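Peer 1: coords please:
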Amino acid sequence: MARERRSRLRWWLLGGLVVLAAVVFGGTWLYIHVIEGPAPAPLGLKSGPSSGHASASTTDSVAGTWRVASGSVVGYRVNEVLAGQNNVAVGRTSDITGSLTISRGTVRTATFSVPMDTIKSDQSGRDAQFNGRIMETSTYPTGTLTLTTPIALGALPAPGVIRTYHASADITLHGQTRRVTFRLAAERTATGIEVSGSIPILFADWDIGNPGFAGFVTTQDHGLLEFLIKFSRS
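Peer 2: Presented below is the predicted three-dimensional model:
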């Protein structure tokens, strides 16, 4: 009889664990895929691809200083696994300052900065981890990007046509500065210039701790720094 009770108890415990697992994983799936919904689409320009034809405009038409305008966005995109479910974590801010200068058909300088604690995702708990142990924003409050090599623009495409360029810049995150090279897309609009791109960030290169949390959330060892910067003439 005692052996039978112990056997029954084991089956109850096993059944309870199965039910608990189903609730946790099923609830997480429901939240991510139904309640929360898909992550925001990657940042990018909306126009069609470049035709490669230059307009009649000269490079002098874009010469001068251009400052970050309203509608600009920068942030991160990281693949994570939340309680066994694949998810994409996205955090963004529009609190961006900076400018670029163009002369003789070349981007000569460009510098941008972001208050790191203004970057927000759709989860307050994730943001608390981001500001705390991951990015330590009270100690390292600002992220910056500074162009290190001029960018030759070549013949200007017509407004609304996207052109791709290669850039080299120093990025400072978490108190560490590293040189990166990346592709960016640029477009002249009726009111200014728009630039977009994404930069792979290997967390260890900037001494950023593993974003995973207590075995419940695991992430890749890298993410993307995304940006869509709109400029108006200074």
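
Peer 1: quick check: closest non-adjacent residue to Pro42.
Peer 2: With C-beta to C-beta, 6 or more residues apart in numbering as the criterion, Pro42 has its nearest non-adjacent residue at 6.2 Å, and that residue is Glu226. All C-beta spots, glycine's among them, are computed from the backbone N, C-alpha and C.

Peer 1: bridge partners for that neighbour, pull those for me.
Peer 2: Under DSSP bridges, the beta-bridge partners of Glu226 are Gly75, Ser198.

Peer 1: and the one 5 residues further on, by the same measure?
Peer 2: Going by DSSP bridges, Phe231 is paired in beta bridges with Val68, Ile193.

Peer 1: neighbours of the residue nearest to Pro42, just the number please.
Peer 2: 21 (other C-beta atoms under 10 Å).

Peer 1: would you agree it is in contact with Val88?
Peer 2: No: if you go by C-beta atoms under 8 Å, Glu226 and Val88 don't touch, sitting 11.6 Å apart.

Peer 1: and for those two, which residues touch both?
Peer 2: Arg77 (C-beta atoms under 8 Å, 6 or more residues apart in numbering).

Peer 1: kindly report the domain assignment for the protein.
Peer 2: What the record gives for the chain is the domain set 1-37, 41-233, from automatic domain parsing.

Peer 1: how far off centre is the longest one?
Peer 2: This points to domain 41-233. 7 Å (C-alpha atoms, centre = their mean, to the nearest Å).

Peer 1: pLDDT averaged over that domain - what is it?
Peer 2: Mean pLDDT, domain 41-233: 91.

Peer 1: give me the distance between the two termini of that domain.
Peer 2: The separation between the terminal residues of domain 41-233, taken as C-alpha to C-alpha, to the nearest Å, is 28 Å.

Peer 1: and for stretch 85-102?
Peer 2: Stretch 85-102 has an end-to-end distance of 46 Å (criterion: C-alpha to C-alpha).

Peer 1: over to stretch 150-158?
Peer 2: 22 Å.

Peer 1: out of the domains of the chain, deepest packed?
Peer 2: Mean neighbours per residue, mean count of other C-beta atoms under 10 Å, is largest over those for domain 41-233, with a mean of 16.

Peer 1: please, where are all the strands along this structure?
Peer 2: 64-68, 73-82, 85-93, 97-103, 106-115, 142-147, 151-152, 162-173, 176-188, 193-202, 217-219, 222-233 (DSSP state E).

Peer 1: now do the shortest one: which elements does it pack against?
Peer 2: Read it as strand 151-152. Helices and strands touching strand 151-152, by 3 or more C-beta pairs under 8 Å, 6 or more residues apart in numbering; DSSP states H and E, are strand 106-115, strand 162-173.

Peer 1: can I get those in CSV with distance to Gly71?
Peer 2: As requested, the helices and strands packed on strand 151-152 are exported to CSV (distance: least, C-beta to C-beta, whole Å):
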stretch, distance to Gly71
strand 106-115, 15
strand 162-173, 17
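
Peer 1: for Gly71, what are its contacts?
Peer 2: Counting by C-beta under 8 Å, 6+ apart, Gly71 touches Ser94, Leu228, Lys230.
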